[in-house]
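> My questions concern the predicted model and sequence given below.
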Amino acid sequence: MRTKTWLGLTVLLALLGFAALCWVGAGDVCAQAPGAAEGTALRAPSPVRWDLTIGIAVVVGLPCLAAGYAVAKVGSAALGAASERPELLVRGLLYVALAEGIAIYGLLMGVLLYFKLR
């Protein structure tokens, strides 16, 4: 039952993230129409770059899932080892921090793609 719940939450978060990125891609980055008077509301909609939008969703989502899985496995093993030998706690926390780095690299790549989108 726990696997189904985890998978359902993952799919829900992925869909919400994709919807948010689509909304950002279709945001009000609009250029004023040529020949329009200053201050008028006549604007042309900006095209949505679906390839970059989907790329951002994949580049952020997959590393975050991988980091979550890695932190769960490494963190439980580190606490198990620290319960037997307390001097291993710092080494275990270092491995947990390295696993979190996966998500940070994914987020960094997502930010770089987002600036390419704009």
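Looks like it arrived, so ask away. Numbering: from 1, shown residues only.

> neighbours around residue 12, how many?
Using other C-beta atoms under 10 Å, residue 12 has 10 other residues around it. C-beta: built from backbone N, CA, C; applies to glycine.

> Can you pull out the low-pLDDT segments for this protein?
Scanning the chain for pLDDT under 70 picks out 1-9, 13, 17-48, 118.

> C-alpha coordinates for stretch 73-81, PDB please?
C-alpha atoms of stretch 73-81 as PDB (Å, rounded to 0.1, in the frame of the first residue of the first chain):
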ATOM      1  CA  LYS A  73      17.900   4.700   1.300                       C
ATOM      2  CA  VAL A  74      21.100   6.400   2.400                       C
ATOM      3  CA  GLY A  75      19.500   8.100   5.400                       C
ATOM      4  CA  SER A  76      18.000   5.000   6.800                       C
ATOM      5  CA  ALA A  77      21.300   3.100   6.300                       C
ATOM      6  CA  ALA A  78      23.200   6.000   7.900                       C
ATOM      7  CA  LEU A  79      21.000   6.100  11.000                       C
ATOM      8  CA  GLY A  80      21.100   2.300  11.300                       C
ATOM      9  CA  ALA A  81      24.900   2.400  11.200                       C
END
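
> The chain: strands as residue ranges?
Counting by DSSP state E, one finds strands in the chain at the ranges 31-32, 43-44.

> where exactly do the helices run in the protein?
Taking DSSP state H, the helices of the chain run over residues 2-25, 50-84, 89-117.

> I'd guessed residue 93 sits against residue 78; true?
Yes. Residue 93 lies in contact with residue 78 (C-beta atoms under 8 Å); the separation is 6.6 Å.

> neighbour-wise, which of these two wins?
A count of neighbours by other C-beta under 10 Å puts residue 78 above the other of residue 93 and residue 78, at 20 against 15.

> Quickly note the distance from that one to residue 88.
From residue 78 across to residue 88, the span is 7 Å (C-beta to C-beta, to the nearest Å).

> Right, I'll call it a day here.
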